[in-house]
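Trainee: structure, please.
(one chain, ligands or ions: 1)
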Amino acid sequence: MKNVVVLVSGNGSNLQAIIDRCHQKDGINIAAVIANKEDAYGLTRAKSAGIDAVVVPSKGITDRSEYDDKLMTAIDGYQPDLIVLAGFMRILTPAFVQHYHAKMINIHPSLLPKYTGLNTHQRAIDAGDKVHGTSVHFVTEELDGGPVILQAEVPIFEQDNADTVFERVQEQEHRIYPLVIEWFCEGRLTMNDGQALMDGLMLGDAGYATE
Ligand code: GAR
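Mentor: A predicted model of the protein is given here:
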């Protein structure tokens, strides 16, 4: 069994997709869901699935290292093989990132390296992009900058707004994130020298893609 710890800050729709597709299947155990906010709906989703739901509150802690140390202690109690960031909206310290080197992944709502940071859907609309999407990547010290594993594209239409694009992107996120978790837990996916590898083969800038 591979132990997976999922970190969330909010709704947790990606968490739900991961629970539905991966939990207790094919050697994957979601050992815990940890949130930095006690009202994160992802905690309710975890409890409904019988998964440990833990809050490590960030409110009132201004020192990032102090918070990340607490978070590490909570995570390591579950002896995780993989840390999954699923809408965990905090910037992580280098010490935290190094501690989970090559075993922490994130999903970001843009076709990286485009639109790191926030408000990605509105920025893509404002730029007149016709194609947008989402990326799963290994986490490195560079914000939203680690090697891409898998991306999914969505169209942007004339009449779209940030909400309609958000929904279209999330639909794709729910497809690709569980798939990447399966790959990692099967031992097919690794990170070496800052590169993502699938079955030992280096992935390109857009990650694993089929024609
Ligand atoms: C997802 O769309 C994810 O791409 C985004 O937060 C959302 C969480 O939704 N993550 C980031 O913006 C990280 N930079 P969810 O809570 O419903 O899974």
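
Trainee: give me the low-pLDDT residue ranges for this protein?
Mentor: 210-211 (pLDDT under 70).

Trainee: quick one: the helices in the protein?
Mentor: 13-22, 41-48, 64-76, 94-99, 120-126, 162-185 (DSSP state H).

Trainee: pull out the buried residues from stretch 198-211.
Mentor: Burial within stretch 198-211, assessed by neighbour count using 16 or more other C-beta atoms under 10 Å, is assigned to 198, 203, 207-208. Every C-beta, even on glycine, is put in place using the N, C-alpha and C of the backbone.

Trainee: which bits of the chain sit near the ligand?
Mentor: Within reach of the ligand by C-beta under 6 Å from any ligand atom, the chain has these residues: 8, 10-14, 86-87, 107-109, 134, 170, 173.

Trainee: can you name the two of the buried residues of stretch 198-211 that sit furthest apart?
Mentor: Farthest pair in the buried residues of stretch 198-211 (C-beta to C-beta) is 198 and 207. Separation: 8.4 Å.

Trainee: closest point of this protein to the ligand, which residue?
Mentor: Across the chain, no residue is closer to the ligand than residue 87, which sits at 2.6 Å (C-beta to the nearest ligand atom).

Trainee: quick check, that residue in contact with residue 8.
Mentor: Yes: counting by C-beta atoms under 8 Å, residue 8 is a contact partner of residue 87 at 5.5 Å.

Trainee: those two: who's more crowded?
Mentor: Higher neighbour count among residue 87 and residue 8: residue 8, with 27 against 21, using other C-beta atoms under 10 Å.

Trainee: neighbours of the spatially closest residue to that one that is not a sequence neighbour, how many?
Mentor: If you skip the residues right next to it in sequence, residue 8 has residue 42 as its closest partner in space, 3.5 Å away by C-beta to C-beta, 6 or more residues apart in numbering. Other residues near residue 42 number 27, with proximity taken as other C-beta under 10 Å.

Trainee: what's near enough to touch residue 42?
Mentor: For residue 42, the contact set (C-beta atoms under 8 Å, 6 or more residues apart in numbering) comprises 6, 8-12, 15, 33, 35, 86-87.

Trainee: give me the buried subset of the residues of the chain next to the ligand.
Mentor: 8, 10, 12-14, 86-87, 107-109, 134, 170, 173.

Trainee: for the spatially most central residue of the chain, which non-adjacent residue is spatially closest?
Mentor: Nearest to the geometric centre of the chain sits residue 106, at 2.7 Å (C-alpha atoms, centre = their mean). What sits nearest to residue 106 in space, not counting adjacent residues and going by C-beta to C-beta, 6+ apart, is residue 85, at 4.1 Å.

Trainee: and for residue 87 and residue 8, which residues touch both?
Mentor: 15, 42.
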